[in-house]
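Colleague: I need the structure of the sequence given here:
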Amino acid sequence: MIITSSSNASIKNARSVRDGRERDLIFVEGEKLAAECIASGLTLHNCFVPPEPTEVMLALIEKLTCPVSHVAESVLESLSDTVATQGIILIAERPWPTLEYLFAGECPLLLGLDRVQDPGNLGTLIRTAEAAGCTGVLAFAGSADAFSPKSLRSSMGSAFRLPIISGVTDAGAVGACRSRGVRTVIASGDGEITHFAQDWRQPSMLILGNEARGVSASLKSQCDTSVRIPLHTPVESLNVAAAGAAILFEAVRQRML
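Modeller: Below you'll find the predicted structure:
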């Protein structure tokens with residue numbers, strides 16, 4: 001049976017998930033992202049594919065235990081979050097890790113995001129954090145949703161594997177770090193020291209701020225120190241994702257010594 005109506009109940013539910021109206025479910029689109037989602041072991045609720053799935057889709061379907069619905073191309077296009085449908089869509093349960101997962105290990109390295117609002121930036125930072133060996137990400141209240149379709153595409157599967165806690169307050173995040181002996185380090189254009197001079201070999205959380213306004217004044221007053229990236233004039237700043245990559249991989253370099 002092929003679903004041919006956009007008003008079908010399962011299609012309407014998937015559209016609600018896509019639009020962020022279902023708190024506990026996420027919308028995963030495309031062969032690559034679907035494969036990453038399946039490999040991560042997330043609980044799946046539904047799968048939508050075109051009437052004639054590709055060989056890659058068929059191989060993915062063989063791994064599924066959730067219902068699989070064949071959907072007319074026009075309906076898939078109406079459901080897709082991209083300009084052109086990516087062919088396969090999964091509805092999965094959103095992971096809800098606890099703080100303890102983020103602070104695992106003897107020397108955790110965390111990434112805190114203070115009101116980072118562009119989903120592309122946020123997803124890229126999650127991908128970078130996983131590549132740098134971070135133990136988790138804290139997305140403060142006011143940040144983009146780490147599990148929105150655009151964020152997931154930018155993180156390229158990292159959001160399925162890396163523990164991410166969203167919606168925390170800055171005081172809550174700093175307090176959680178302080179109680180566990182983790183230093184909080186803000187990235188700022190007027191930071192006290194360069195990111196090279198900071199000792200990243202100790203338990204740390206790097207905090208990056210909003211694309212336009214940076215880290216909030218209240219958060220600056222709570223944290224242990226601040227770092228800056230030395231830039232050649234006349235460049236005054238970097239994109240938040242580029243800044244995060246530069247600092248996190250300096251931490252990687254120091255921890256490899």
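Colleague: can we go C-alpha only for contacts and neighbour counts from here?
Modeller: OK.
Colleague: could you list the low-pLDDT ranges of the stretch 101-250 of the chain?
Modeller: For the stretch 101-250 of the chain, no stretch is flagged by pLDDT under 70.
Colleague: which parts of the stretch 101-250 of the chain are strands?
Modeller: 109-113, 136-140, 164-168, 183-187, 193-194, 204-208, 225-228 (DSSP state E, counting those that start in this stretch).
Colleague: for those strands, which one sits closest to residue 9?
Modeller: Each of the strands of the stretch 101-250 of the chain has some distance to residue 9 by Cα to Cα; the shortest is strand 164-168, at 29.3 Å.
Colleague: elements contacting the closest one?
Modeller: If you count contacts as 3 or more Cα pairs under 8 Å, 6 or more residues apart in numbering; DSSP states H and E, strand 164-168 packs onto strand 136-140.
Colleague: residue 66 touches residue 48, doesn't it?
Modeller: No: assessed by Cα atoms under 8 Å, residue 66 is found out of contact with residue 48, at 10.5 Å.
Colleague: between the two, which has more neighbouring residues?
Modeller: residue 48 (25 against 15; other Cα atoms under 10 Å).
Colleague: who does that one bridge with?
Modeller: Under DSSP bridges, the beta-bridge partners of residue 48 are residue 69, residue 89.
Colleague: quick check: it touching residue 73?
Modeller: No: if you go by Cα under 8 Å, residue 48 and residue 73 don't touch, sitting 10.7 Å apart.
Colleague: a markdown table for the strands of the stretch 101-250 of the chain, including distance to residue 152 and mean neighbour count?
Modeller: Formatted as a markdown table, the strands of the stretch 101-250 of the chain follow (distance: least, Cα to Cα, whole Å; neighbours: other Cα atoms under 10 Å):
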| stretch | distance to residue 152 | mean neighbour count |
| --- | --- | --- |
| strand 109-113 | 16 | 27 |
| strand 136-140 | 14 | 26 |
| strand 164-168 | 12 | 20 |
| strand 183-187 | 24 | 24 |
| strand 193-194 | 31 | 16 |
| strand 204-208 | 19 | 25 |
| strand 225-228 | 29 | 20 |
